[in-house]
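Asks: Sequence plus predicted model, see below.
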Amino acid sequence: SQTIHQWPATLVQPVGSPLSLECTVEGTSNPNLYWYRQAAGRGLQLLFYSVGIGQISSEVPQNLSASRPQDRQFILSSKKLLLSDSGFYLCAWTQGEDRPQHFGDGTRLSIL
Amino acid sequence: SQQGEEDPQALSIQEGENATMNCSYKTSINNLQWYRQNSGRGLVHLILIRSNEREKHSGRLRVTLDTSKKSSSLLITASRAADTASYFCATVSSGGYQKVTFGTGTKLQVIP
């Protein structure tokens, strides 16, 4: 069966520090991968999606970047965090846009 | 801006009652999906309805889709306290890259 792992679950970082969030998928190959951010009590904002290794598309200009070094690994990064980067970050995968998305448990990021 | 807009934003009902949530969208879609999110967790897929379908059932869930009105509804029958969660619709646009866009969600509280 397919599983998705996302870590860490909680992270507190100072302003200006770097960030690396990792997401891995098991039990499937060549998934479409997504990073979302969810502000408190709000919907999901798509940040990045990837349809293959090294293929990253960004939905909104921002302080973040994403990379896909391996087929089932998706990394969200920042060189210098801003206060506005706080939020709940969710990774998801799907085998196609006509298929359901499967989400990780999320990382709650607080910037101090 | 979010393609899908859920209505109402919040809903509080007694256990055993039915809960209806609505979703409106703006552009042509390939399919529409409903997800559930427990507080602080990732999203869980509930139902996917394709643009050529009008109604779909899964257990106590019933989803309708009216493409002429660009709207969908999710009905949860005989609600339970465990149904307390936020519910999101997600639209997958038709043509070219099938972009997935999440709505702002309906927060459902089922009172035992």
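Replies: Received, thanks.

Asks: Can you spell out which helices and strands pack onto the worst-scoring helix or strand of chain B on mean pLDDT?
Replies: When each helix and strand of chain B is scored by mean pLDDT, DSSP states H and E, strand B:5-7 comes last, with a mean of 82. The elements that strand B:5-7 packs onto, with contact taken as 3 or more Cβ pairs under 8 Å, 6 or more residues apart in numbering or on different chains; DSSP states H and E, are strand B:19-24, strand B:85-93. The way it works is simple: take the backbone N, C-alpha and C, and place the C-beta from them, glycine included.

Asks: Given the helix or strand following the longest one, what are its sheet partners and their directions?
Replies: Meaning strand B:85-93. Downstream of strand B:85-93, the first helix or strand assigned by DSSP states H and E is strand B:100-102. Paired strands of strand B:100-102, with direction, are strand B:85-93 (antiparallel) (DSSP bridges).

Asks: Any chance you could list what contacts the partner strand?
Replies: Strand B:85-93 has contacts (Cβ atoms under 8 Å, 6 or more residues apart in numbering or on different chains) with A:43-44, A:97-98, A:101, B:3-4, B:6, B:21, B:23, B:25, B:27-39, B:43, B:46, B:72, B:74, B:98-108.

Asks: follow-up on the earlier one: give the buried residues for the least confident helix or strand of chain B.
Replies: Buried residues in strand B:5-7, counting neighbours by 16 or more other Cβ atoms under 10 Å in any protein chain shown, are found at B:5-6.

Asks: Can you tell me the strand partners of that strand and which way each runs?
Replies: Applying DSSP bridges, strand B:5-7 is found paired with strand B:19-24 (antiparallel).

Asks: can you tell me if the next helix or strand after the strand it pairs with touches chain A.
Replies: Following strand B:19-24 in sequence order, the next helix or strand is strand B:29-37 (DSSP H and E). Yes: judged by Cβ under 8 Å from any Cβ of the partner chain, strand B:29-37 and chain A are in contact via B:30-31, B:33, B:35.

Asks: Tell me the residues of chain A that contact chain B?
Replies: For chain A, the residues in contact with chain B (Cβ under 8 Å from any Cβ) are A:6, A:34, A:36, A:41-44, A:46, A:88, A:90, A:92, A:97-106, A:108.

Asks: Low-confidence ranges, chain B, go.
Replies: By pLDDT under 70, the low-scoring segments of chain B are B:1-4, B:95-98.

Asks: got the residues of chain B near chain A?
Replies: Listed as neighbours of chain A in chain B under the rule Cβ under 8 Å from any Cβ: B:2, B:4, B:30-31, B:33, B:35, B:40-45, B:48, B:50, B:88, B:90, B:92, B:98-105, B:107.
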